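J.: no letters, just coordinates:
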DNA sequence: CCGATTGTGGACTAAGTTGGTCCTGATTGC
DNA sequence: GCAATCAGGACCAACTTAGTCCACAATCGG
Ligand code: SF4
Ligand code: SF4
């Protein structure tokens, strides 16, 4: 169904949550807040740390915090961090790809589609999603600043 | 990796191929042309017929043909026909969705993303992809109208 | 210096989804 | 009647993903 992996979904939720809490947040804290089993959310956070989207502090009173404000993180980045590069089909650049690559007339020609999706996802930041996550009643009156984008 | 199912990929390839041949095309013919096992391509064609994207003729000398020109079919339609509706996450409208839907602050707030992707995919027709499928040597000299690239 | 707290990294297993195959009809033309 | 061709399932195997667990390293507080 062209849906992204559940872990990526969790990553977005966790990041938005991290954006709300101003200090550091611990794994169990986040897990409890969003209702996702703790080991799983830990796994996601680890991946996000590798990607540089969050910073971690070890030891007692440690935890995670965002490396950038939410407005500076696009969904595309999160997806790439968890799921790997965005490529709709197996036949991209030099990768192994599918076995019928030699006969297939479309081999390597999906680039327009890939770019379109990549653009669409790059233009949406987590801050945009957070806005959408505010109950509708608030969104009208809220004096949201300009928040965008790259 | 946010990739669409292989069957959907096949469907696009098969449709473009169908657009090339002006008469009807049979399952084995298409299968041979694009290097995909015949039973599988048959399965895809059946689904496309249900969706109304291709018309079928039974009996001897039967086969498939497009119901519309390639320029009138968007990728989004093909994806919906094979993979079902485009929804990045499980929490859309009233569907069952994920179990942590009650706690999750993002529940049902993915609409901006969904719409963005849907728009991006609706604006690309199979004809666009066919253009891209022309060998590069031709694309330069060809009097193609606009055709954006990379 | 010690122990509690918290992240790091990887291995492992179970479940779910998808891809692919096959078979039994129904329909059409020769 | 017979061959070609689509229709509609059932079915199984393989792969991918999600989720869990454990041993270890770092940091802090006392
Ligand atoms: S080579 Fe053809 S069948 Fe294979 S992934 Fe690319 S477009 Fe799809
Ligand atoms: S409810 Fe939250 S965790 Fe569940 S699918 Fe929706 S956004 Fe993801």
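T.: Looks like it arrived, so ask away. Since this is a predicted model, take the numbers as computed values, not measurements. Numbering: from 1, shown residues only, chains lettered A, B, ... in the order given. Ligands and ions are numbered 1, 2, ... in the order given.

J.: wait, residue A:7 touches residue A:45, no?
T.: No - the pair residue A:7 / residue A:45 is not scored as a contact, 10.9 Å apart, by CB atoms under 8 Å. Glycine gets a C-beta too; all of them are placed from N, C-alpha and C.

J.: between the two, which one's more packed in?
T.: For the pair residue A:7 and residue A:45, the greater number of neighbours falls to residue A:45 (25 against 14), based on other CB atoms under 10 Å in any protein chain shown.

J.: quick one: which helix or strand includes that one?
T.: Taking DSSP states H and E as the criterion, residue A:45 maps to helix A:38-51.

J.: parallel or antiparallel, list what pairs with the next helix or strand after that helix.
T.: Going down the chain from helix A:38-51, the next helix or strand is strand A:54-57, by DSSP H and E. Its sheet considered, strand A:54-57 pairs with strand A:63-66 (antiparallel) by DSSP bridges.

J.: quick one: the partner strand near DNA strand C?
T.: Yes - judged by CB under 7 Å from any atom of the strand, strand A:63-66 and DNA strand C are in contact via A:63-64.

J.: what does that strand rub up against?
T.: A:15, A:18-19, A:23-27, A:29-30, A:45, A:48-49, A:53-57, A:73 (CB atoms under 8 Å, 6 or more residues apart in numbering or on different chains).

J.: out of those residues, which are buried?
T.: Neighbour-count burial (16 or more other CB atoms under 10 Å in any protein chain shown) applied to the contacts of strand A:63-66 gives A:15, A:18-19, A:24-27, A:29-30, A:45, A:48, A:53-54, A:73.

J.: same for DNA strand C: which of these are within range?
T.: Near DNA strand C, by the rule CB under 7 Å from any atom of the strand, you find A:26-27, A:45 out of the buried ones among the contacts of strand A:63-66.

J.: and residue A:114, how far from DNA strand D?
T.: 17 Å (CB to the nearest atom of the strand, to the nearest Å).

J.: so where does that residue fall, helix or strand?
T.: Going by DSSP H and E, residue A:114 is part of helix A:111-122.

J.: show me where chain A has helices.
T.: Ranges of helices in chain A, per DSSP state H, are A:6-20, A:27-34, A:38-51, A:75-83, A:111-122, A:126-133, A:136-141.

J.: residue A:75 reaches residue A:12, doesn't it?
T.: Yes - between residue A:75 and residue A:12 there is a contact under CB under 8 Å: 6.8 Å.

J.: could I get the pLDDT score of the residue sitting furthest away from the middle of chain A?
T.: Distance to the chain centre peaks in chain A at residue A:103, reaching 35.5 Å (criterion: CA atoms, centre = their mean). On pLDDT, residue A:103 comes in at 85.
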